[in-house]
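> Quick one, what's the 3D model for this:
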Amino acid sequence: MGVPVSPFCPHYHHAVEVLGRRWTGAIVRALLAGATRFSEITAAVPGLSDRLCSERLKELEAEQIVARHVLADTPVRIEYRLTEKGAALADVVTAIGRWATTWAPCEPPPDEDPDRSAVAEPVRRR
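Numbering: from 1, shown residues only. Below is the predicted model:
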């Protein structure tokens, strides 16, 4: 294994508690792939309810992983963007994705292309 690991690290514990909450990793992945609007995030994550998406985005905002931007358009638009702290998770998300592809295979949802699940695709805007 090479790198010595201590039995407990409070920083690691906090990070796992935050990012390990149900749907949080999927939301971060959707944001890394280019989603910025609430509807884009919920569309990118099958099974994610509006209520839980809203709750997780608020938690990520409180952790300064996500920033919420209100755009003064008509109607008002809200966009979510990863902060520098959140964008720094890109390598972590990629590493977990590689690990999961090898060690945690799963069946893709029936309407999903199996090749799509391994690689994040950018969200296309209209």
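> make it CA atoms for all contacts and neighbour counts henceforth
Will do.
> Just checking the distance from stretch 81-92 to the centre of its chain.
Stretch 81-92 sits 9 Å away from the centroid of its parent chain (C-alpha atoms, centre = their mean, to the nearest Å).
> Buried residues, it. List them.
Going by neighbour count (16 or more other C-alpha atoms under 10 Å), the buried part of stretch 81-92 is 81-82, 86-87, 89.
> Show me what that stretch is in contact with.
Contact with stretch 81-92 is made by 28, 31-32, 36, 64-69, as judged by C-alpha atoms under 8 Å, 6 or more residues apart in numbering.
> switch the cut-off to 6 Å
With contact meaning C-alpha atoms under 6 Å, 6 or more residues apart in numbering, stretch 81-92 is reached by 36, 65-67.
> so where does the residue most central in space within the chain fall, helix or strand?
In the chain, the residue lying closest to the centroid (C-alpha atoms, centre = their mean) is residue 28, at 1.5 Å. Assigned by DSSP states H and E, residue 28 belongs to helix 24-32.
> The next helix or strand after that helix: how far from the chain's middle?
Moving toward the C-terminus from helix 24-32, the next helix or strand (DSSP H and E) is helix 38-44. Relative to its chain's centre, helix 38-44 lies at 11 Å (C-alpha atoms, centre = their mean).
> Equivalent analysis for stretch 10-30, please.
Worked out by C-alpha atoms, centre = their mean, stretch 10-30 lies 8 Å from the chain centre.
> Use 9 as the first number from now on
Sure, I'll start counting at 9 from here, so that last one is stretch 18-38.
> ok, and for it, which residues are buried?
Within stretch 18-38, the residues that qualify as buried are 26-27, 31-38, counting by 16+ other C-alpha under 10 Å.
> now it: mean pLDDT?
Stretch 18-38 carries an average pLDDT of 97.
> Which parts of this structure are strands?
Under the criterion DSSP state E, the chain carries strands at the ranges 74-79, 85-90.
> now the first one and strand 85-90, what's the angle there?
Taking axes from the mean of the first three to the mean of the last three C-alpha atoms, to 10 degrees, one finds that strand 74-79 is oriented at 150 degrees with respect to strand 85-90.
> List the contacts of the helix holding residue 36.
Helix 32-40 is contacted by residues residue 27 when judged by C-alpha under 6 Å, 6+ apart.
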